[in-house]
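Enquirer: structure, please.
(chains A and B)
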Protein chains: 2
Amino acid sequence: MKSVGVVVEYNPLHNGHAYHLQEARRMSQADVVVAVMSGSFLQRGEPAIISKWERAEMALHSGVDVIVELPYAYSTQKAQTFAEGAVRILNHLKVDCINFGSEVGEIEPFIRLVYFMHTHKDAWDELVRNQLQAGVSYPRACMEAFNSLDQHDSILSLSEPNNILGYHYTKAIIDSDFNIETQTTKRTSANYHDPKVTDHPIASATSIRKKVMSEKGDLTGIKHVVPHVSMNILERYQHQYGTFHSWDLYFPLLQFEIERSSIEQLREIYECEEGLEYRLKDTISNASNFNEWMEALKTKRYTWTRLQRLLTHILTNTTKQEMKAITTEPLPYIRLLGMNPKGKQYVNLIKKDLECPLLSRFAKARGTMAAQDDRIGKIYASPLAMKGNIAALKRDYTMSPIMIK
Amino acid sequence: MKSVGVVVEYNPLHNGHAYHLQEARRMSQADVVVAVMSGSFLQRGEPAIISKWERAEMALHSGVDVIVELPYAYSTQKAQTFAEGAVRILNHLKVDCINFGSEVGEIEPFIRLVYFMHTHKDAWDELVRNQLQAGVSYPRACMEAFNSLDQHDSILSLSEPNNILGYHYTKAIIDSDFNIETQTTKRTSANYHDPKVTDHPIASATSIRKKVMSEKGDLTGIKHVVPHVSMNILERYQHQYGTFHSWDLYFPLLQFEIERSSIEQLREIYECEEGLEYRLKDTISNASNFNEWMEALKTKRYTWTRLQRLLTHILTNTTKQEMKAITTEPLPYIRLLGMNPKGKQYVNLIKKDLECPLLSRFAKARGTMAAQDDRIGKIYASPLAMKGNIAALKRDYTMSPIMIK
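Expert: Sure, this is the predicted structure:
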């Protein structure tokens, strides 16, 4: 059975995602689509709008055959670490190729750029270092360094977020010498860059979330940009849990946590660097909501998403020590979120050769990463518990993979 | 000017407290009553029903002339440490005597018992140790040891909570060789032991709080057991902040905190001993409210109040290290909560000889205790901030002492 892997967040799954799945299958001629999806907290340092279980269900109804979780230690990270973690998992799951969405839509520029960067590593490192010393943010430093390098035939714009991720998927595969082909699907619509949902059936996930939140959870305005099944699942979640998840839901907890923590404790948190702990403490007492606080907190030196990731790590009590322990050890397990019969057939086929156990029940997991993922699930559910739904706290622990007929 | 000191919590101030203040003034013939009052969290390991500012106001309207705060490092402690901290502060404020309420109502048994215990210290220590090894709680071990000692003429029942506190006030004064007389007011009414508010004008603070909470904040049922001014202030607080404070208000935060913390972090918390960290973690996910959790948590070895104090320290992130630093250093300041003109006259009189600064503005405070008290105030106000009252977070920091004409 031929398989294609995709790296996804589905926050929520929209028409553009459904199109990407079709294209990935068509281009690869694969029998099975294997998705690795961020769990509760995402790459931009945000809680997912609904839980991973419902997002997995959306995926299985939209063209995915097997879906597994990208653990927190990789999901809430800069592009490089995120991509390395995802590719590592897809390699364990023996995918033949990986298909990613990109602005450029051709695979050669990615491959050429990886090799180009290999041969220009020293010059690149120096350029980035100079930019960082001048006080600019890391992504911006990379872009400036990139633009300064003489590239000739390897023009790939790294100012586009999906090109950056695509570059890191390609680089991770080449650097690890994985036997995985890369393919890319062009993000067709200009509407991806539109900050608002328009009449067009394609809209970005960001604009979709913004629309839902600005209309206090009313879903009418996004009906034409998400598959029918996404709509149903969003409605069901809202009905069952009474809320969608956004930073606003967690802000009171974060505020409490920062008031409560000592400077020394904040300094132990992953990505709390260069005295940010003082800035956090100095600004928190005056903020009455998340956005207001972010405006007070932001600096030229750190991107909004870099700060959001730090805040996620504070909320989840993720220390430098814990992250180091997890990301330097071999992957201890892969958590299966769901599959359909074809996916199950594929899993049965690869299962006997797996170097890393594919877990159906979280209760079996042990070790640092398991402890982290258990905690993350509970913290994601905490606002639900505070509204009286105590069972939500144990959901991640007790759920079995979603099986679709 | 002659002065009498009282150690109080006023949670809330009721008719029994008003009677005690009258009696303290009458017995001592003092011109001025000086009160040291627990701040946001109390000896039994509970949040105060309303803030210290409103409780100070009640006091100034009920016979107190000067009121200062007993800092968290002493207020949320076992009887001995609580009493030592309070007596130390009253000594700084140069009171001539201390008057405490007690079940026995005579001062001689307290003094005799302190000397008796001095001469029987070794026997006492051994008896307590034996009891603790048998797995009973510390207060119970003390009581059993006490009953085993041959006391002859020093019969004072230490099974009564106010006798225990009185014993420790007396002991602290004698052990520190302070030039302070001790006096005691008999708690006259049997109604102190009634778990419910009755028709009688005297009721215990516990029964009053229980009545208010069980009637969802309705104050009608306590009107006859608290002074008119207490009633008005309680009503005003409820109107202004929308809630009274009880463990139920803080339970969601505590649950979040215990889910979020590692075993190692819990172990660093003050009073987290003998593997209690595992018990906390094991029981928290199933609890849907504070009382349910306490029922699951409690053991023969620890009293309810001992556990509540531990939970308070978890909520407030009070570590063993921090508590040791604060309780072993000289008292860095005394925070003035309020006074009337006569109290001001007294303060002006003693001010020039104070060894410990009497602070009117918290902004001036520095050091470990100041950092703790600042944090405690914010954590006490956190549920108010979560309901949208962000200003409440800064109240302790910005308030000036309450001045009564």
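
Enquirer: leaving out the residues flanking it, which one is nearest to A:A59?
Expert: A:I67 (5.1 Å; CB to CB, 6 or more residues apart in numbering or on different chains). C-betas here are computed from N, CA, C, even on glycine.

Enquirer: report pLDDT for A:A190.
Expert: Listed pLDDT for A:A190 reads 61.

Enquirer: repeat that for the one 3 residues further on.
Expert: pLDDT for A:H193: 66.

Enquirer: what's the following helix or strand after the helix-or-strand element of chain A with minimal mean pLDDT?
Expert: Sorting the helices and strands of chain A by mean pLDDT, DSSP states H and E puts helix A:138-148 at the bottom, at a mean of 78. Remark: after helix A:138-148, the chain's next helix or strand is helix A:161-175, criterion DSSP states H and E.

Enquirer: run the chain-centre distance for that following helix.
Expert: 14 Å (CA atoms, centre = their mean, to the nearest Å).

Enquirer: tell me what it is packed against?
Expert: helix A:79-92, strand A:97-102, helix A:108-119, strand A:181-186 (3 or more CB pairs under 8 Å, 6 or more residues apart in numbering or on different chains; DSSP states H and E).

Enquirer: of all these, which lies closest to A:F362?
Expert: helix A:79-92 (16.2 Å; CB to CB).

Enquirer: quick revisit: pick the most buried one from the helices and strands packed on helix A:161-175.
Expert: With neighbours defined as mean count of other CB atoms under 10 Å in any protein chain shown, the helices and strands packed on helix A:161-175 peak in mean count at strand A:97-102, which reaches a mean of 26.

Enquirer: got the angle for that one vs strand A:181-186?
Expert: Relative orientation of strand A:97-102 versus strand A:181-186 (axes from the mean of the first three to the mean of the last three CA atoms, to 10 degrees): 30 degrees.

Enquirer: which strands border strand A:97-102, and is each parallel or antiparallel?
Expert: In the sheet, strand A:97-102 lines up against strand A:3-8 (parallel), strand A:181-186 (parallel) (DSSP bridges).

Enquirer: where does the prediction get shaky in the stretch 101-250 of chain A?
Expert: By pLDDT under 70, the weakly predicted segments of the stretch 101-250 of chain A are A:150-155, A:189-193.

Enquirer: can you name the residue of it nearest chain B?
Expert: Proximity of the stretch 101-250 of chain A to chain B (CB to the nearest CB) peaks at A:Y250, 9.9 Å away.

Enquirer: in three-state terms, label that residue for me.
Expert: Classification of A:Y250 using DSSP: H, G, I helix; E, B strand; the rest coil returns helix.

Enquirer: and it, how many neighbours?
Expert: A:Y250: 24 surrounding residues under other CB atoms under 10 Å in any protein chain shown.

Enquirer: next one: the one 4 residues further on
Expert: The local packing count at A:L254 equals 19, with neighbours defined by other CB under 10 Å.

Enquirer: same check, this time on A:N286
Expert: 13.

Enquirer: could you do A:K394 as well?
Expert: A:K394 has 16 nearby residues by other CB under 10 Å.

Enquirer: ok, now how distant is it from B:E181?
Expert: Noted for A:K394: a distance of 59 Å to B:E181, by CB to CB, to the nearest Å.

Enquirer: before we move on, back to that, ok, residues contacting the least confident helix or strand of chain A?
Expert: Applying CB atoms under 8 Å, 6 or more residues apart in numbering or on different chains, the contact partners of helix A:138-148 are A:K78, A:W124, A:L127, A:V128, A:Q131, A:L132, A:V136, A:L158, A:S159, A:I164, A:T303, A:R306.

Enquirer: how about the contacts made by the spatially closest residue to A:F362 that is not a sequence neighbour?
Expert: With sequence-adjacent residues excluded and distances taken as CB to CB, 6+ apart, A:F362 is closest to A:Y397, at 5.5 Å. Shown in contact with A:Y397 (CB under 8 Å, 6+ apart): A:F362, A:A363, A:D374, A:G377.

Enquirer: so A:Y397 lies in a helix, does it not?
Expert: Yes. When three-state DSSP is applied, A:Y397 is found to be in a helix.

Enquirer: for A:L253, see how far away it is.
Expert: A:Y397 is 20 Å from A:L253, by CB to CB.

Enquirer: CA atoms of stretch A:47-54 as PDB?
Expert: What follows is stretch A:47-54, C-alpha atoms only, in PDB (Å, rounded to 0.1, in the frame of the first residue of the first chain):
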ATOM      1  CA  PRO A  47      -5.000  26.600  22.200                       C
ATOM      2  CA  ALA A  48      -6.800  24.700  19.400                       C
ATOM      3  CA  ILE A  49     -10.400  25.900  18.900                       C
ATOM      4  CA  ILE A  50     -11.800  22.500  19.800                       C
ATOM      5  CA  SER A  51     -10.100  19.300  21.100                       C
ATOM      6  CA  LYS A  52      -7.900  17.100  19.100                       C
ATOM      7  CA  TRP A  53     -10.500  14.300  19.100                       C
ATOM      8  CA  GLU A  54     -13.100  16.400  17.300                       C
END
